[in-house]
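Colleague: Pasting the sequence and the predicted coordinates here, then a few questions.
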Amino acid sequence: MELRQLEILRELGALGSVTAVAAALHVTPSAVSQQLSALQREFQAPLTQRRGRNLSLTNAGLALSRAGVDVIDAIAAARHAVEVFEAVPSGTVRLCGFHSAAQALFGPVITELRTLEDAPKLHLADEDVAQEGFPQLAARYDLVLAHRLAHSAPWPSDDLQVIPLVQEPLDVALPIGHPLARRAELAPADVAGERWVTSREGFSPDDLVGAIAAVTDRSIEVVHRVNDYGSVASVIASGDAIGMVPRYTVGSAHAGLVLRPLTGITASRRIDLLTRPENLHRQSVQTVIAALRFVMARLVEATELPPPRPE
């Protein structure tokens, strides 16, 4: 039994003919008859009866029609509740992000939303998962800040909407005074022989170190595996190793480092927002998306690599 069938039965009781019901609902008489036949198959008692050229409801049909009014009214109320919920600009939005994005974006987004009247209420969380784990987070959060390497497989499209934010370079991070800091850019062969601090397996920096090993046909000496970029920066600044860090979202951690672009391989990652399709109907979610886009654009605009020191 479907809502449309109950609506047709109700109109038939009011209008008395299939033709009139079809005209009222802007469908064909054949479509009305098919829906009535499908509804009748669910009941033993006849729901309609012929009276000359007209079709009227039996007592069983009248009983179902009256009960159907309550169903139609409840569905209409539910739809209205959803419409009101979607239109409320100050609704609660659950946003999660991986660590570097959270550190770079959460505070500025809160500040940006404070400038708005009836701003959404943010519930923030950080999630440190490997690339393939981000789509599953959309079941728990309204918006998921996710990253993947530019050359990796796209996000799954089933029950998931993807909103691109930025394509972020991952740069080679060197301690101040390192000989390679004098160069404007670095090739895989320049860095393959260095000691490395990188992430755990399954995360972008480790994937790039693997790519460096592949294109140079060399074994890379990984001496530390740390996922937090602040800790990575501390290790690099000490002079014990070099690493890869994201250019825009590394934040203040780059203050003690020299960043240089890596050529010869695609050293960048996409930062996207993942969400369930129904969330995009909510005004509060759209407001947070706009704030994230604005903050990210401002972050990119403000980020410049310092020039190399003269030889």
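Modeller: That came in fine, so what should we check first? Numbering: from 1, shown residues only.
Colleague: OK, contacts around Glu2?
Modeller: For Glu2, the contacting residues are 35, 38-39, by Cβ atoms under 8 Å, 6 or more residues apart in numbering. Heads up, the C-betas are built off the backbone N, CA and C, glycines and all.
Colleague: any chance of those in JSON lines, plus secondary structure, pLDDT and distance to Ala63?
Modeller: Shown next, in JSON lines, are these (DSSP: H, G, I helix; E, B strand; the rest coil; pLDDT from 0 to 100; distance: Cβ to Cβ, whole Å):
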{"residue": "Gln35", "secondary structure": "helix", "pLDDT": "92", "distance to Ala63": "18"}
{"residue": "Ala38", "secondary structure": "helix", "pLDDT": "92", "distance to Ala63": "19"}
{"residue": "Leu39", "secondary structure": "helix", "pLDDT": "92", "distance to Ala63": "13"}
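Colleague: Of those, select the buried ones using a PyMOL command.
Modeller: Selection of buried members from the contacts of Glu2 for PyMOL, criterion 16 or more other Cβ atoms under 10 Å:
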select buried, resi 35+39
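Colleague: top strand in the protein by residue count?
Modeller: Longest strand in the chain by number of residues (criterion: DSSP state E): strand 161-175.
Colleague: Near Ser56, how many residues? Count them for me, please.
Modeller: Using other Cβ atoms under 10 Å, Ser56 has 15 neighbouring residues.
Colleague: meant to ask about Gln44
Modeller: If you count neighbours by other Cβ under 10 Å, Gln44 ends up with 6.
Colleague: and it, that one's in a helix?
Modeller: No: secondary structure of Gln44 (DSSP: H, G, I helix; E, B strand; the rest coil): coil, not part of a helix.
Colleague: what separates it from Leu36, distance-wise?
Modeller: According to Cβ to Cβ, to the nearest Å, Gln44 stands 16 Å off from Leu36.
Colleague: try Ser65
Modeller: 12 Å.
Colleague: Pull up the overlap in contacts between those two.
Modeller: Common neighbours of Ser65 and Leu36 (Cβ under 8 Å, 6+ apart) are 9, 12.
Colleague: All the helices of the chain, residue numbers only.
Modeller: Under the criterion DSSP state H, the chain contains helices at 3-15, 18-25, 29-40, 59-87, 99-113, 134-137, 188-191, 204-216, 229-237, 283-302.
Colleague: Of all the ones you listed, which one comes closest to Gly264?
Modeller: helix 188-191 (5.1 Å; Cβ to Cβ).
Colleague: Can you list the helices and strands that the closest one packs against?
Modeller: Judged by 3 or more Cβ pairs under 8 Å, 6 or more residues apart in numbering; DSSP states H and E, the packing partners of helix 188-191 are helix 204-216.
Colleague: Now find how far off-centre the helix it packs on is within its chain.
Modeller: 27 Å (Cα atoms, centre = their mean, to the nearest Å).
Colleague: Count the residues that sit near the closest residue to Gly177 other than its chain neighbours.
Modeller: Residue nearest to Gly177 in three dimensions, not counting chain neighbours: Gly239, with 7.8 Å by Cβ to Cβ, 6 or more residues apart in numbering. Applying other Cβ under 10 Å, we find 13 residues neighbouring Gly239.
Colleague: quick one: Pro169 from Ala233, how far?
Modeller: For Pro169 relative to Ala233 (Cβ to Cβ), the value is 16 Å.
Colleague: any chance of the helices of the chain in a markdown table, plus distance to Leu160?
Modeller: A markdown table is the format used below for the helices of the chain (distance: least, Cβ to Cβ, whole Å):
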| stretch | distance to Leu160 |
| --- | --- |
| helix 3-15 | 28 |
| helix 18-25 | 35 |
| helix 29-40 | 33 |
| helix 59-87 | 19 |
| helix 99-113 | 18 |
| helix 134-137 | 6 |
| helix 188-191 | 34 |
| helix 204-216 | 20 |
| helix 229-237 | 27 |
| helix 283-302 | 14 |
